[in-house]
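**Q** Next comes the sequence, and after it the predicted model I'd like to discuss.
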Amino acid sequence: MSESAGNFSSVPVLDFSLLDTSERPKFIEQLRHALINVGFLYLANHPVAQMDIDSLIEYIPKLFALPQESKEKIKMANSEHFLGYSKLGAELTKGQVDQREQFDFATRHVCRWKEGDPDYYRLWGPCQWPDENLIPGFRGVMERYLDQVDALGYEFSSLVAEALGLPADGLSHFYDVPELMQHRAKIVKYPVVEGESDQGVGPHYDAGFLTFLLQASEHRGLQVQNLSGEWIDAPPIPGTFVVNIGKALEFVTQGLARATSHRVLSPKGSTPRYSVPFFQNIGLGVRLANQVLDFPPEILKLRDGRGSVAATDSVNFTEFDREPSGRVNLIGRVKSHPDVAERHYPELFKQIFPNGYSGKGSAY
Ligand SMILES: O=C(O)CCC(=O)C(=O)O
Ligand SMILES: [Fe+2]
């Protein structure tokens, strides 16, 4: 194993409350290290209300316990926005079935697509919510949660800018116009599985800027890959988010902020693992290749000292060098959810799956 700084053996914990103290520079320094060398961090003492988090965590088993037919009523296949319910085994990562059941939600948004617009404008739109009578109060709690993580995401990206030697608003033009932004979140159940595969979700990168992950039960399972390719555990730490970097942020920071490959193993024991990842997006029309940022040489030096990333199984979202962000996202969605794509994006589906979808294709 090489000695480079990127060969981390655990994920650092950062204390958000330092920002209001004289120790602010320490936070920024730790953030810089985590961005460049790890690509993952835990965020403790963050501003999202613990009461709302606790209440969301309480709702999750109830959400999955809804009658199957009421879950199917809001299935993702209904939605050209890829929002809604996916039953166990409906999603692929790199052509392998993920053993997870999930609901995809998003921050409030009205679809802006109209005739003649690029098809990726259809990616964003309203959520499908479960019947309020069956799970009273859930929608309100989830919306409050999404609003708060949304705000944290913007605040955090200005800290990322600062840590990498940019002005605090150095990344904000990627967010387009806030009213036109939509961020997505999943509520996920990883059941205990019997059989050969323990792929909760296979090795992958996230697409966007930042991901804020709530580990909503006590199970281990999340693992992140260090530079030499070893899988490092990121067990749940109560009261924290796991924050990681997506491919878009890696691209625009010239690899300073690392998108780190990660996966989830199915839980052992007798109870399911639950999690809630929130994916912070950038504007659909932004072409990252046209956005060149100027980083101080001493920061770029830290990246160069890190060493390069070992070969990894995660190969998704490689199109940022030529396609607008929305198109990269849409391609990712088509590969993960071919059934939804076949229904709503038949042309693109045919391009990506020219021989149809066999259940074993070349999907992520
Ligand atoms: O469930 C988790 O802990 C992580 C999920 C994840 O990495 C993803 O959905 O992108
Ligand atoms: Fe992920």
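**A** Great, that's in hand. Numbers count the residues shown, from 1 in each chain. Ligands and ions are numbered 1, 2, ... in the order given.

**Q** Glu58 sits in which helix or strand?
**A** Per DSSP states H and E: Glu58 is located in helix 50-64.

**Q** host element of the one residue in the stretch 201-350 of the chain that gets nearest to ligand 1?
**A** Nearest residue of the stretch 201-350 of the chain to ligand 1, counting by CB to the nearest ligand atom: Ser275, 3.4 Å away. All C-beta spots, glycine's among them, are computed from the backbone N, C-alpha and C. Ser275 belongs to strand 273-279 when assigned by DSSP H and E.

**Q** who does that strand touch, helix- and strand-wise?
**A** Here strand 273-279 touches helix 50-64, helix 138-163, strand 184-190, strand 210-215, going by 3 or more CB pairs under 8 Å, 6 or more residues apart in numbering; DSSP states H and E.

**Q** related to what we said a few turns ago, could you check the angle strand 184-190 makes with the helix holding Glu58?
**A** 60 degrees (axes from the mean of the first three to the mean of the last three CA atoms, to 10 degrees).

**Q** Show me what helix 50-64 packs onto, helices and strands only.
**A** Packing partners of helix 50-64 (3+ CB pairs under 8 Å, 6+ apart): helix 138-163, strand 184-190, strand 210-215, strand 273-279.

**Q** Return the set of buried residues in the shortest one.
**A** Put plainly, it is strand 210-215. Leu210, Thr211, Phe212, Leu213, Leu214, Gln215 (16 or more other CB atoms under 10 Å).

**Q** Can you give me the distance of the first one to Arg287?
**A** For Leu210, the distance to Arg287 equals 20 Å [CB to CB, to the nearest Å].

**Q** and what of the fourth one?
**A** Between Leu213 and Arg287 the computed distance is 28 Å (CB to CB).

**Q** cool, and the third one?
**A** Here the distance between Phe212 and Arg287 works out to 25 Å (CB to CB).

**Q** Check the fifth one too.
**A** For Leu214, the distance to Arg287 (CB to CB) stands at 32 Å.

**Q** Equivalent analysis for Gly307, please.
**A** When Gly307 is compared with Arg287 (using CB to CB), they lie 29 Å apart.

**Q** returning to that earlier point: please enumerate residues in contact with the strand holding Ser275?
**A** 56-57, 60-61, 145-146, 149, 153, 183-190, 200, 206-208, 211-217, 219, 221-222, 246, 264, 266-267 (CB atoms under 8 Å, 6 or more residues apart in numbering).

**Q** For the next helix or strand along the chain from that strand, the averaged confidence score.
**A** Next in sequence after strand 273-279, counting helices and strands by DSSP H and E, comes helix 297-304. For helix 297-304, mean pLDDT is 94.

**Q** neighbours of Val48, just the number please.
**A** When neighbours are counted by other CB atoms under 10 Å, Val48 registers 21.

**Q** OK, contacts around the residue nearest to it when sequence neighbours are not counted?
**A** In space, and not counting its chain neighbours, Val48 is closest to Gln148: 4.5 Å by CB to CB, 6 or more residues apart in numbering. Gln148 is in contact with Pro47, Val48, Ala49, Asp52, counting by CB under 8 Å, 6+ apart.

**Q** Just the closest of these to ligand 1, please.
**A** Val48 (16.9 Å).

**Q** and the closest one, what pLDDT?
**A** Looking at Val48, the pLDDT reads 98.

**Q** And for Glu179?
**A** Value for Glu179, per-residue pLDDT: 77.

**Q** Burial check on Val328, number of neighbours?
**A** The burial count for Val328: 26, using other CB under 10 Å.

**Q** residues near Leu180, how many?
**A** 14.

**Q** for Pro346, same thing?
**A** 10.

**Q** change the start of the numbering to 48 and stick with it
**A** Will do, 48 is the new start, and the previous item becomes Pro393.

**Q** Tell me the spacing between it and Ser126.
**A** 16 Å.

**Q** What residues does this structure have near ligand 1?
**A** Lys233, Val235, Val248, Asp253, Leu260, Leu269, His309, Val311, Ser322, Pro324 (CB under 6 Å from any ligand atom).

**Q** With distance to Ser69 and pLDDT added, can I get those in JSON lines?
**A** JSON lines is the format used below for the residues of the chain next to ligand 1 (distance: CB to CB, whole Å; pLDDT from 0 to 100):
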{"residue": "Lys233", "distance to Ser69": "38", "pLDDT": "97"}
{"residue": "Val235", "distance to Ser69": "39", "pLDDT": "97"}
{"residue": "Val248", "distance to Ser69": "41", "pLDDT": "91"}
{"residue": "Asp253", "distance to Ser69": "34", "pLDDT": "93"}
{"residue": "Leu260", "distance to Ser69": "30", "pLDDT": "98"}
{"residue": "Leu269", "distance to Ser69": "33", "pLDDT": "98"}
{"residue": "His309", "distance to Ser69": "34", "pLDDT": "96"}
{"residue": "Val311", "distance to Ser69": "38", "pLDDT": "96"}
{"residue": "Ser322", "distance to Ser69": "35", "pLDDT": "98"}
{"residue": "Pro324", "distance to Ser69": "33", "pLDDT": "98"}
